[in-house]
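Participant: Here is my input; please provide its structure:
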Amino acid sequence: MRIAIIGAGFTGAQLTLELLRRAPRGTTILLFERSGIFGPGLAYSTVHADHLLNVRAANMSAFEDDPSHFLRWLWARNEPAAPAAEIPPSGHAFVPRGIYGAYLAATLAEAEATAHPRVVVERLAQAVEAVDETGDGVFLRLAGGAEIAADLAVVAAGNNPPLWPHPVGIEDVPADRLIGDPWDDATLGRIGPDDAVIVLGTGLTTVDVVTVLGRRGHRGRITAISRRGRLSRVHDQTRSWPPFLAPESVEPRIAAYVRRVRGEIARAAAEGIDWRSVIDAIRPHTQGLWRALPEAERRRFLRHVRPWWEIHRHRMAPQVAAGIERLIAAGTLTIAAGRIAGWGRAPDGVALRLAPRGGGAEITLAAAYVVNCTGASVDYRHLTAPLIRTLLDQGLARPDPLGLGLDVNDRLQLVGADGKARPRIFALGPPTKSMFWEITAVPDIRKQGRAFALRLFPNPV
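Facilitator: Modelled structure (predicted):
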């Protein structure tokens, strides 16, 4: 069997690891990664030691059935946590993301060597621009025009770059003053130490960008803007709290979920236990709770609850939060709540009109650069990536009804424009967000990858 995996960031690399453990002799895995960086992907390729994982090392194993694998790798190499501290036996430490990328690359290389020649992995540093179905397989068309045959294809795309908001005037802004890729270190390097900067978004990507600028000694004003002007909360030591929100124990309505969570937080507080323990106790059931909701309730969550969930669920490492607080206290960083009302030119770059949250007169902010940290784009109707566009245009895939990713069935097969599943084209990871809601973090993706591999090859070798 020839299995094509399109994308070799965490999603594609982790699926490859699972397949290498189970695939029978004669299997070939075609692993495509246009960047040529196999394993780390965009998220874990950063070279900045200040870019920390926002999940404790104890929860970051690449294997669901071997939870201490990453910790053992760290200890064997005497890798430190940040800042330069030993990783405790509990694994409650936040490691630089670049170290995690090295772990993924090393683990993938070792697994390939161990499985060879029973299973062969062909690494292809090329972009796949189209997937066409045949009677008994698929053809993948590459950027150079070549075609490669496989029995099935897996779209293992990671997070997409953010889209710019498009109020009136953005087309008049000098393009070189708009930084659309917050992970492009060379582009961020254009920002001078005294330049005023506007950052769109106040989530974890903004935290990363501001942290890098702060480490470089940035002195200019940084203004981070979001609708509510709220930063992610901070990780802290937690105590175990029993799971309490199983799908079968609560009515599938957002109001019922929220009441139960608030009540549980009050109970925990009465026992001296922090709200973080309660939120963490939801994690085993998050996907089941989401899948139990009818579409109307999912939309209600997205409108009313999502911003609060995001800042409490996806938290900052304490060391990172301390750096952000220092920048705020020094007056370098300001957090603003409001809506972008328009764009224009300023003498030194960009003029952005902000309608403050709660009303009041519009404010005009001037900056040398604007960095888009609004988060990964999940509305596939607006993506321009050649593979996604071709799949949609040919009717082999369709966006999900909520605009969160691609429509898939329970087997993770793409659902086409005709409403029928494509039997040989699958999607894993972030493109399946509408089905699972939480499917961007390592624990969720590794669970999905293992289940997919088990379904494909039920009997381990």
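
Participant: was I right about residue 378 contacting residue 403?
Facilitator: Yes - the criterion here is C-beta atoms under 8 Å, and residue 378 meets it with residue 403 at 6.8 Å. All C-beta atoms are positioned from the backbone trio N, CA, C, and that covers glycine.

Participant: Now do the contacts for residue 412.
Facilitator: Neighbouring residues of residue 412 by C-beta atoms under 8 Å, 6 or more residues apart in numbering: 426, 427, 428, 432, 435, 448, 452.

Participant: mind checking how far it is from residue 291?
Facilitator: 13 Å (C-beta to C-beta, to the nearest Å).

Participant: what do these two both touch?
Facilitator: By C-beta under 8 Å, 6+ apart, the residues touching both residue 412 and residue 291 are residue 435.

Participant: hang on, the earlier thing: of residue 378 and residue 403, who's got more company?
Facilitator: Using other C-beta atoms under 10 Å, the more surrounded residue of residue 378 and residue 403 is residue 378, with 22 against 15.

Participant: State the phi and psi torsions of the nearest residue to that one once chain neighbours are set aside.
Facilitator: If you skip the residues right next to it in sequence, residue 378 has residue 404 as its closest partner in space, 4.9 Å away by C-beta to C-beta, 6 or more residues apart in numbering. Torsion angles at residue 404 (phi, psi; degrees, to the nearest 10) stand at phi -110, psi -10.

Participant: Likewise for residue 440?
Facilitator: phi -120, psi -20.

Participant: Tell me which residues touch it, please.
Facilitator: Counted by C-beta under 8 Å, 6+ apart, residue 440 has contacts 159, 376, 429, 430, 433.

Participant: returning to what we had before: so how far is residue 99 from the residue nearest to residue 378?
Facilitator: On the measure of C-beta to C-beta, residue 404 and residue 99 end up 31 Å apart.

Participant: all helices of the stretch 201-350 of the chain, in order?
Facilitator: Along the stretch 201-350 of the chain, counting by DSSP state H, counting those that start in this stretch, helices occupy 204-215, 254-270, 275-282, 286-292, 295-300, 306-313, 318-329.

Participant: Show me which residues of the fifth one are buried.
Facilitator: For helix 295-300, burial by neighbour count (16 or more other C-beta atoms under 10 Å) applies to 297, 298, 300.

Participant: could I get that helix in CSV with only the CA atoms?
Facilitator: Taking Å, rounded to 0.1, in the frame of the first residue of the first chain, the C-alpha atoms of helix 295-300 are listed here in CSV:
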residue,chain,number,x,y,z
GLU,A,295,-25.4,22.9,15.1
ALA,A,296,-27.5,25.8,16.5
GLU,A,297,-25.8,25.3,19.9
ARG,A,298,-22.4,25.2,18.4
ARG,A,299,-23.1,28.5,16.7
ARG,A,300,-24.2,29.9,20.1
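
Participant: what about that helix, average pLDDT?
Facilitator: Taken as a whole, helix 295-300 has a mean pLDDT of 98.

Participant: now the longest one
Facilitator: The predicted model gives helix 254-270 an average pLDDT of 97.

Participant: which residues sit against that helix?
Facilitator: By C-beta under 8 Å, 6+ apart, helix 254-270 touches 241, 244-245, 250, 274-275, 277-279, 281-282, 289, 293, 297, 300-301, 304-305.

Participant: The lengthiest helix in the chain relative to helix 204-215, how many degrees between them?
Facilitator: Ranked by number of residues, the top helix in the chain under DSSP state H is helix 97-115. For helix 97-115 against helix 204-215, the angle by axes from the mean of the first three to the mean of the last three C-alpha atoms, to 10 degrees is 120 degrees.

Participant: Pull the helix or strand following helix 97-115 out as PDB, backbone CA atoms only.
Facilitator: Next in sequence after helix 97-115, counting helices and strands by DSSP states H and E, comes strand 119-124. Below are the C-alpha coordinates for strand 119-124, written out as PDB (Å, rounded to 0.1, in the frame of the first residue of the first chain):
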ATOM      1  CA  VAL A 119       8.000   0.100   5.800                       C
ATOM      2  CA  VAL A 120       9.700   2.700   3.600                       C
ATOM      3  CA  VAL A 121       9.200   6.500   4.100                       C
ATOM      4  CA  GLU A 122       9.900   8.600   1.100                       C
ATOM      5  CA  ARG A 123      10.400  12.200   2.100                       C
ATOM      6  CA  LEU A 124       9.400  14.600  -0.600                       C
END
